[in-house]
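**Student:** pasted the sequence and its predicted model underneath.
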Amino acid sequence: MKMGVLTFSVRLMFLILCIFINGSFSKLERLGHPVTKSDGSLDILVFGDWGRKGGFNQSLVAHQMGIVGEQLDIDFVISVGDNFYDDGLKGDTDPSFEASFSHIYTHPSLQKQWYSVLGNHDYRGNVSAQLSQVLTQKDWRWFCRRSFVLCSGMVEFFFVDTNPFVRKYFTDPEDHTYDWSNVLPRKKYISNLLRDLDLEIKKSRATWKFFVGHHGIKTAGQHGVTQELVDQLLPILEENKVDLYINGHDHCLQHIGSEGEIQFLTSGGGSKAWRGDIQPWDPKELKLYYDGQGFMSLHITHSEVKFVFYDISGNVLHQSTLSKKSKTFGLF
């Protein structure tokens with residue numbers, strides 16, 4: 001009997017070891033956000049490129065977010081990066097955290113959990129500071145990681161650290177210093193991340209699958225498409241029939257997509273905007289391009305997702321629905 005138990009234990013350990021060696025374990029942190037509405041729906045605000053201590057109309061955007069957040073009774077907020085300008089945080093005691101976050105987003109409706117990824121400006125500071133529990137102790141709403149999976153009811157959000165994909169940050173840093181601690185060697189970091197994302201999304205049984213990153217895959221904005229993401233991340237999205245890819249980086253609001261395909265949504269109007277330029281794009285795909293400040297909301301049910309873009313005055317610029325049954329979308 002003892003020998004049988006021992007043999008089983010050895011076999012189990014060997015199986016686990018084989019799975020580990022073959023890369024079948026994902027290292028991505030998985031979180032759950034409770035669903036509180038009786039119909040199971042979710043309401044979320046999404047924006048990025050904001051942390052300027054209230055300047056460049058950040059405070060005005062925050063005010064409108066509070067109003068819309070109250071109207072929608074939002075469940076949480078997503079930040080798509082560039083949380084603190086110009087060079088991230090110096091440390092977990094940097095007063096910029098309170099000056100750009102806690103003291104700005106004060107509306108009662110915004111006292112919900114915030115889920116954030118890092119932007120390139122965040123990487124110019126102390127990355128570990130933004131990931132620190134010290135900030136969460138200062139303001140319980142704050143949650144930031146490089147990459148993670150958030151599960152909430154019928155939807156799973158795959159938050160992706162897109163910064164290491166961008167080759168020019170390593171080869172032509174434009175006189176900026178980036179904090180690549182815990183990222184190098186770059187190729188191994190990217191390879192492991194892509195593997196983990198692929199493993200996680202393949203085992204997902206969620207009705208909706210959304211990816212959230214800082215850099216754009218399809219964008220008519222100033223920065224243009226991030227070719228490294230087109231080459232390396234987009235195939236995973238397409239193979240696994242992801243519904244939305246949401247990003248910031250370009251300081252504008254955009255909706256690019258075709259019927260039956262992934263919808264690409266840019267919400268990078270959290271503060272400084274009005275770049276004054278737009279890249280050529282197929283007008284059949286470019287449903288919205290707004291060169292200004294604003295934010296986006298998502299209303300998610302089992303059968304459809306409605307996304308709405310707002311300007312700094314709370315005016316609706318564009319709204320669309322994506323239906324799960326046929327994966328078609330309608331414009332309003």
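**Tutor:** Nice, thanks for sending it over. This one's a predicted model, so the numbers in the text were calculated from it and none came from an experiment. Residues are numbered from 1 along each chain as shown.
**Student:** going by residue numbers, what spans are strands in the stretch 101-250 of the chain?
**Tutor:** Using DSSP state E, counting those that start in this stretch, the strands of the stretch 101-250 of the chain run over 113-116, 142-144, 148-152, 155-159, 208-212, 244-247.
**Student:** now render these as CSV, adding distance to residue 285, mean pLDDT and mean neighbour count.
**Tutor:** Any C-beta I mention is one placed from the backbone N, CA and C, and that applies to glycine too. Output for these, formatted as CSV (distance: least, CB to CB, whole Å; pLDDT from 0 to 100; neighbours: other CB atoms under 10 Å):
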stretch, distance to residue 285, mean pLDDT, mean neighbour count
strand 113-116, 28, 98, 20
strand 142-144, 32, 98, 21
strand 148-152, 28, 98, 20
strand 155-159, 23, 98, 24
strand 208-212, 18, 98, 24
strand 244-247, 13, 98, 26
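**Student:** so can I have TSV of those strands showing distance to residue 124?
**Tutor:** Listed next are the strands of the stretch 101-250 of the chain as TSV, based on distance: least, CB to CB, whole Å:
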stretch	distance to residue 124
strand 113-116	16
strand 142-144	15
strand 148-152	22
strand 155-159	20
strand 208-212	21
strand 244-247	18
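**Student:** can you pull out the low-pLDDT segments for this structure?
**Tutor:** 1-24, 326-332 (pLDDT under 70).
**Student:** restricting to C-alpha, output the helix or strand harbouring residue 70 in PDB.
**Tutor:** Per DSSP states H and E: residue 70 is located in helix 58-72. Output in PDB follows, covering the C-alpha atoms of helix 58-72 (Å, rounded to 0.1, in the frame of the first residue of the first chain):
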ATOM      1  CA  GLN A  58      -7.000  66.300 -17.000                       C
ATOM      2  CA  SER A  59      -9.200  67.600 -14.200                       C
ATOM      3  CA  LEU A  60     -12.000  68.400 -16.700                       C
ATOM      4  CA  VAL A  61     -11.900  64.900 -18.200                       C
ATOM      5  CA  ALA A  62     -11.900  63.500 -14.600                       C
ATOM      6  CA  HIS A  63     -15.000  65.600 -13.800                       C
ATOM      7  CA  GLN A  64     -16.900  64.200 -16.800                       C
ATOM      8  CA  MET A  65     -15.800  60.700 -16.100                       C
ATOM      9  CA  GLY A  66     -17.300  61.100 -12.600                       C
ATOM     10  CA  ILE A  67     -20.700  62.300 -14.100                       C
ATOM     11  CA  VAL A  68     -20.900  59.500 -16.600                       C
ATOM     12  CA  GLY A  69     -19.600  57.000 -14.100                       C
ATOM     13  CA  GLU A  70     -22.500  57.900 -11.800                       C
ATOM     14  CA  GLN A  71     -25.000  57.600 -14.600                       C
ATOM     15  CA  LEU A  72     -23.800  54.200 -15.600                       C
END
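**Student:** elements contacting it?
**Tutor:** Applying 3 or more CB pairs under 8 Å, 6 or more residues apart in numbering; DSSP states H and E, we find helix 58-72 packed against strand 42-47, strand 294-300.
**Student:** could you dump the ones you listed to TSV with distance to residue 58 and mean neighbour count?
**Tutor:** As requested, these are exported to TSV (distance: least, CB to CB, whole Å; neighbours: other CB atoms under 10 Å):
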stretch	distance to residue 58	mean neighbour count
strand 42-47	10	23
strand 294-300	11	24
